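Chemist: Sequence below, structure please.
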Amino acid sequence: MLPSDFKEDKSGRLVRAPQGYWAFTPNPLPPPLELTWKLVKENSEADRALSELAGVARTLPNPHLLINPFIRREAVLSSRIEGTQASLSDLLFFEASGEAELKPPDVREVFNYVKALEYGLKRLQNLPVSLRLIREMHERLMKEVRGEHLTPGEFRRSQNWIGPPGCTLMEATFVPPPEAEMKEALDYLEKYLHSPSELPPLIRLALIHYHFEAIHPFLDGNGRIGRLLLTLLLFAEELLPQPLLYLSAYFEQHRQQYYHLLLAVSQAGAWSEWINFFLQGVAEQSKDAIQRSKRLFDLWQNYRQKLQSARSSALALQLADELFSYPAITVAQSAKRLKITYRSAGLHIEKLARLGILKEVTGQRRNRVFMAPEIVRIIEAQKAD
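Modeler: The predicted structure is shown next:
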């Protein structure tokens, strides 16, 4: 990391480590911000789109039907930013069957993201967003996957760095703060999380995301935890009544710009550019979530009408509802969720398959997995419209 690349001290300071390398330590939040009309406009548009999404979440008869598929889409896309190849179908198949041998080996990393996010959302009931919660989520994120030897659930005790594959510490593009400065920066971050702020909430979230990524407190998994943190804060600070907004699709689509703007804050104090980019993402993904929610709700109504026309039982309707939370399912899982016999569950699944709602995807006679292709297509589509 070259000191000459860091031209401003608006966002942090350079530290010379005893070993001779330079590292960057971010200043405590908030930074001095220049309020421009462009920033005001972007914040207004993002806030309006987010409010519309919140309104949709409140008017849907059962928004819980959408939470699970949205979480899984986020898990796939956030993990893809870090180089995983697993698709949404891979994840759903793995969750239904427990088998990953024939799938990309990184499907468990995506599965762990789901578990870490679900854990964090549940933990908010009795624990605020804090360093403790961040460590607990990291422990679950890194369980039994690449990097599990890199102290899951613990902040690093050695130096890490960011740069091209195979680069050394001296060749790194960015070196986060050494351990002592890292601990101090984390302490400041937690205090900021729990302090009242005069800044608009979405701008505050943009600052927090940058700050966490600049600290880079884990040896692995920092990007994913930073994006998980955004979801928790949107929900914990009641910007949304349900966790329906996820920014990884936007960050993944603009991956190079995402990395460039985070680095530009450290190197040149380019706060406005980063915040504008972040707010544009909130607006874009809020609109996407609204359209995706409406498409899923329309499909849900279509399934109910189709089943009612076929004189299906209440259990068949309940099974169709379950598919919006878990679009891949086995007969055994259906029996457990509906609290019926294995044989009865099999008959209900066969009926949904005849109606085109479910499709068997293994081609096997035993241990079959059924998937709802129309639901998966809506969730997996790059654009909602």
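Chemist: Which element, helix or strand, includes the residue nearest to Phe6 when sequence neighbours are not counted?
Modeler: In space, Phe6 comes closest to Gln267 once its chain neighbours are excluded; the distance is 5.1 Å by CB to CB, 6 or more residues apart in numbering. From N, CA and C alone the C-beta is placed, and that goes for glycine too. Taking DSSP states H and E as the definition, one finds Gln267 inside helix 255-268.
Chemist: What residues of that helix count as buried?
Modeler: Buried residues in helix 255-268, counted by 16 or more other CB atoms under 10 Å: Tyr258, Tyr259, Leu261, Leu262, Leu263, Ala264, Val265, Ser266, Gln267.
Chemist: give me the element the closest residue in space to the first one that isn't next to it in sequence is part of.
Modeler: The shortest distance from Tyr258 to any residue other than its chain neighbours is 4.6 Å, reached at Phe251 (CB to CB, 6+ apart). Under the criterion of DSSP H and E, Phe251 resides in helix 248-253.
Chemist: Check which helices and strands that helix sits against.
Modeler: helix 64-81, helix 271-309 (3 or more CB pairs under 8 Å, 6 or more residues apart in numbering; DSSP states H and E).
Chemist: Leu234 versus the residue in the chain sticking out farthest from the centre, what's the distance?
Modeler: Going by CA atoms, centre = their mean, the residue of the chain most distant from its centre is Arg311, 39.5 Å out. Per CB to CB, to the nearest Å, Arg311 is found 43 Å from Leu234.
Chemist: ditto for Arg366
Modeler: Taken as CB to CB, the span from Arg366 to Leu234 is 43 Å.
Chemist: Tyr250 too?
Modeler: From Tyr250 to Leu234 the distance is 14 Å (CB to CB).
Chemist: Can you tell me how far Val265 is from Ala214?
Modeler: 7 Å.
Chemist: pLDDT weak spots in the chain?
Modeler: 99-105, 146-149 (pLDDT under 70).
Chemist: ok, which stretches of it are strands?
Modeler: 12-16, 22-26, 328-329, 359-360, 370-371 (DSSP state E).
Chemist: Mind listing the strands the fourth one pairs with, and their directions?
Modeler: Sheet partners assigned to strand 359-360 using DSSP bridges are listed as strand 370-371 (antiparallel).
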